[in-house]
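Q: sequence first, predicted coordinates after that:
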Amino acid sequence: MTSIRLVRDDLRPPGPPPRRHLLSVSDLTRDDVERLLGTARTFGVALDREVKKLPTLKGRLVVNLFYESSTRTSSSFELAAKRLSADTLTIKSAGSSVDKGESLKDTAQTLGAYDPDVIVIRHPQIGAPQLVARVTDAHVVNAGDGKHQHPTQALLDLYTIQQEFDRLEGLHVAVVGDVLHSRVARSLLQAFALVGVRCTLVGPPALLPRGLDAETTTDIGVIRDADVVYVLRMQQERMEAGANFVPSLREYAARWGVTPDRLRPGQKVMHPGPMNRGVEIDPRVADSVDALVETQVRSGLVIRMAVLYDVLTGGPVGVRALAAAEVA
Amino acid sequence: MLYIKDRPGEDVVVRGARVLDPVEGIDAVLDVRIDAGTIAAIGERLDTNEHRVVDGTGLVLAPAFVDPHVHLRTPGREDEETIASGTQAAAAGGFCAILAMPNTEPVVDSAATLGALVEAAGRDAEVALGFLAAITRGQRGDELTEMAELADAGAVAFSDDGVPVASAGMMRRALQYSSITGRKLALHCEERSLSHDGHVHEGAVAAELGFTGYPSVAESVMVERDLALAAYEGQPIHLLHLSSVESVAALRRARDAGASASGEVTPHHLVLTDEAVRSLDPNVKMNPPLRAEQDRLALLAALKDGTIECIATDHAPHALHEKDVPFEAAPFGVTGLETAFSILYTRLVQPGLLPLATLLERMSAGPARVFGLDRPRVAVGAAANIVLLDLERKWDVDAHGFRSLSRNSWLLGERLGGAVTMTIAGGAVAFEA
């Protein structure tokens, strides 16, 4: 099975265009990332206006299929679709026929019968978005699959960093915490490599995956050298009792918690949320002016607008996107 | 110990095939005459005696294959495979004999369950079929099965395949007690506290894709433990589906030290690496997992030099709906009976990585020797257990072409070289293309 990559218009072969998905950052090129960030900036300008709704995706149907609990990702996809005037349908596994044991394939095909243009899926198992892409005709956007990928999170983080520093190339980000269980870390690592951001992974030995092609260290002291400290959530729900990845959360917090005294003054801090205050992040850090957490949430909205627009249209970039939207 | 449905031996003359039996030391273009299921003459321009004549021009005639490791899902999951469908698939793959694993529902851990299978095999098996019985009741690892009675009832060997015998003490007792039966233990080596929840080999691919790693050392520490216990008790053991360079090294050391230990390797571990998992195709999910290139190369080297004596398909049928799920939710296992020779011929023999004679030996005489079965051979007086191979023919693996009831093959859509055109098992034609 080959996944379909997002390709630039001028590289696309003649004939019907391939169905575009966003399943993994590894499917993206640097050009794709830059185009998506550019489109997001354009939408960002539009959202500063008094009337925030664009007619761009009027008549399109976006289905959000969420098999895991989520506040910010599901709300942000739903709002992104609405801001672009698409119809939305949000299905959460609790209270749906998933509760009755329906398989992912059957649920996807059932929803596929409504001819949705996009299916956004979050699922606890690696490979779920690929299955949905295989069994439906929709464009599929991965909103997180198990420990594998969360591509829109990586894009919104790039967007946030770019807004803050006005550049990406040459910056250094320290990603701290439970890398092993983190789809965010995996997606970020690939995204940083695409745009020339240096990335250092920091965490306890058993939470740094073996064999990962990356700069890794157990020494929390290195975070001081980074432009941005990106704090990962301790994924307690993925850590079975007795696995002993770390002896205790108390010891973890003491050894790897991001506290004010481990940071330089003015050093920027990010977190994908939801935060465990007092575990991976000190509340003083979380509430400081240098924490970009709320900016990340705002970035999430425009990035998801850009992704929906991009998979559906093949995405002329920047100003043209807005122009097209205004004509529509 | 092997059972096949009763049918008359056939009268056949195969004309002008390249007769290739590496153990008998034959490699020549000859006729082979089979009288009532027994090879009666090998030579040039043989009389046909009004037998059925099969034109063997351009084909290879070799001893048919023996697969020591097959899951027939019977009893319990006859929707996935039955004795009839599984042995038809085996015949289509060139096998004249296969051994079925006991991890069924219920587990083959009593003479009653085994007796019913033996009876069914005598009715339905298209090729010779043998059964392994469980080492522990229900394969739960806490009580030995009644091995003596099971051996009397026809068990070829004992295995808890699918799960390891977790306790070293239990393994020791199994080695001690099975000695009275003259049957080997065939061991699934996996230290569950290291492999737990692992779906993919621990390495760069698992790290990048986010899978919990199933490290090589989860296999090799158990291989080392079982080799040590077997040496201490002076008992032979067979190591199932080896996958890692460390396990191969341990087996080689034990054999060099004189241990009676054997090993097997699957076609998928000889051809694929964990890179294949990037597709997230549930049909490349198996236990043990596909490992790194260095592991694959070590397995191939061990197969070539004889450290690993046999190829086993670990044919593991699964219902369509069970594999049509996200990779992480899919069960372990792939089918292999109908593609084993062709994929190994295409990927190993044609590029010059493995001599054809070695492949034929490891798929036939090797596994027969390990399990004490009669070796299929091209020799006057031997029962006709032969396969005809068209090495020039290419064929496409198609989901609808399988005799197996399941189609969870990692080779769907592949074009393979080398086709089985006829299988004669126990003196009768069991498959004809």
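A: Received it, and whenever you're ready, just let me know what you need.
Q: for whichever residue of the stretch 151-300 of chain B sits closest to chain A, give me its contacts.
A: Closest to chain A within the stretch 151-300 of chain B is residue B:210: 3.4 Å, counting by Cβ to the nearest Cβ. Where you see a C-beta, it was placed from the backbone N, CA and C, and this is true even at glycine. By Cβ atoms under 8 Å, 6 or more residues apart in numbering or on different chains, the residues touching residue B:210 are A:126, A:146-149, A:183, A:186.
Q: the same query, at a cut-off of 7 Å, please.
A: A:126, A:146-148, A:183, A:186 (Cβ atoms under 7 Å, 6 or more residues apart in numbering or on different chains).
Q: one more: residue A:62?
A: So residue A:62 contacts A:81, A:86, A:88, A:116-118, A:120, A:308 (Cβ under 7 Å, 6+ apart).
Q: which stretches of the stretch 201-328 of chain A form helices?
A: Using DSSP state H, counting those that start in this stretch, the helices of the stretch 201-328 of chain A run over residues A:249-256, A:283-286, A:293-313, A:319-327.
Q: just name the most buried of those.
A: helix A:293-313 (a mean of 23; mean count of other Cβ atoms under 10 Å in any protein chain shown).
Q: so which elements touch it?
A: For helix A:293-313, the elements it packs on are helix A:30-47, helix A:72-83, strand A:118-123, strand A:139-145, helix A:151-165, judged by 3 or more Cβ pairs under 7 Å, 6 or more residues apart in numbering or on different chains; DSSP states H and E.
Q: spell out which residues of chain B are next to chain A.
A: B:202-204, B:206-211, B:213, B:279-281, B:321, B:324-329 (Cβ under 7 Å from any Cβ of the partner chain).
Q: how deep is residue 242 tucked in, by neighbour count?
A: I went with chain A, as the question did not name one. 5 (other Cβ atoms under 10 Å in any protein chain shown).
Q: try chain B instead
A: Count around residue B:242 with other Cβ under 10 Å applied: 29.
Q: pull up the gap between it and residue B:284, please.
A: 18 Å (Cβ to Cβ, to the nearest Å).
Q: how many residues are close by the nearest residue to residue A:213 once chain neighbours are set aside?
A: Among residues not flanking residue A:213 along the chain, residue B:204 sits closest, at 6.1 Å (Cβ to Cβ, 6 or more residues apart in numbering or on different chains). Residue B:204: 16 surrounding residues under other Cβ under 10 Å.
Q: is it true that residue B:204 touches residue A:209?
A: No. The pair residue B:204 / residue A:209 is not scored as a contact, 9.3 Å apart, by Cβ atoms under 7 Å.
Q: spatially central residue for chain B, please.
A: residue B:312 (2.6 Å; Cα atoms, centre = their mean).
Q: tell me which of the helices and strands packed on helix A:293-313 lies nearest to residue B:31.
A: Closest approach to residue B:31 among the helices and strands packed on helix A:293-313 is made by strand A:139-145 (60.0 Å; Cβ to Cβ).
Q: next one: the closest one to chain centre, how far?
A: 10 Å (Cα atoms, centre = their mean, to the nearest Å).
Q: pLDDT below threshold where in chain A?
A: A:1-19, A:99, A:238-241, A:315-328 (pLDDT under 70).
Q: show me the domain layout of it.
A: A:9-150+A:298-316, A:152-293 (automatic domain parsing).
Q: closest to residue B:124 out of the helices and strands packed on helix A:293-313?
A: The closest of these to residue B:124 is strand A:118-123. By Cβ to Cβ, the value is 41.4 Å.
Q: that closest one to strand A:139-145, inter-axis angle?
A: 20 degrees (axes from the mean of the first three to the mean of the last three Cα atoms, to 10 degrees).
Q: what about the next helix-or-strand element following strand A:118-123, near chain B?
A: Next along the chain after strand A:118-123, taking DSSP states H and E as the criterion, comes helix A:128-135. Yes. Helix A:128-135 comes into contact with chain B (Cβ under 7 Å from any Cβ), by way of A:128, A:130-131.
Q: so which of those wins on neighbours?
A: In the residues of helix A:128-135 next to chain B, the most neighbours by other Cβ under 10 Å go to residue A:128, 28 neighbours.
Q: that residue contacts residue B:326, correct?
A: Yes. If you go by Cβ under 7 Å, residue A:128 and residue B:326 touch, sitting 4.1 Å apart.
Q: circling back to that earlier point, so which of the residues of chain B next to chain A are in strands?
A: residue B:213 (DSSP state E).
Q: tell me which entries of the residues of chain B next to chain A lie within helices.
A: Residues of those located in helices (DSSP state H): B:204, B:206-209, B:321.
Q: need these in TSV (columns: pLDDT).
A: Below are those laid out as TSV (pLDDT from 0 to 100):
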residue	pLDDT
B:204	95
B:206	96
B:207	95
B:208	95
B:209	96
B:321	92
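Q: can you select the buried ones among these for me in PyMOL?
A: In PyMOL, this line selects whichever of those come out buried by 16 or more other Cβ atoms under 10 Å in any protein chain shown:
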select buried, chain B and resi 204+206+207+208+209
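Q: pick the one among the ones in helices among the residues of chain B next to chain A closest to residue B:358.
A: Out of these, the member with the shortest distance to residue B:358 (by Cβ to Cβ) is residue B:204, at 31.2 Å.
Q: dump the residue contacts of the closest one.
A: For residue B:204, the contact set (Cβ under 7 Å, 6+ apart) comprises A:211-213.
Q: which stretches of the stretch 151-300 of chain A form strands?
A: A:172-176, A:198-202, A:215-217, A:228-231, A:268-270 (DSSP state E, counting those that start in this stretch).
Q: just name the most buried of these.
A: Highest mean neighbour count among these (mean count of other Cβ under 10 Å): strand A:228-231, a mean of 27.
Q: distance between it and the chain's centre?
A: With Cα atoms, centre = their mean, you get 15 Å for strand A:228-231.
Q: alpha carbons of that strand, in PDB - could you do that?
A: Extracted C-alpha coordinates of strand A:228-231, given in PDB (Å, rounded to 0.1, in the frame of the first residue of the first chain):
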ATOM      1  CA  VAL A 228      12.200  26.700  22.600                       C
ATOM      2  CA  VAL A 229      11.500  24.100  25.200                       C
ATOM      3  CA  TYR A 230       8.700  21.900  24.100                       C
ATOM      4  CA  VAL A 231       7.200  20.000  27.000                       C
END
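Q: what strands flank that strand, and is each parallel or antiparallel?
A: With DSSP bridges as the test, strand A:228-231 is paired with strand A:172-176 (parallel), strand A:268-270 (parallel).
Q: with distance to residue A:161 as new columns, can the ones you listed be given to me in a markdown table?
A: Formatted as a markdown table, these follow (distance: least, Cβ to Cβ, whole Å):
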| stretch | distance to residue A:161 |
| --- | --- |
| strand A:172-176 | 7 |
| strand A:268-270 | 8 |
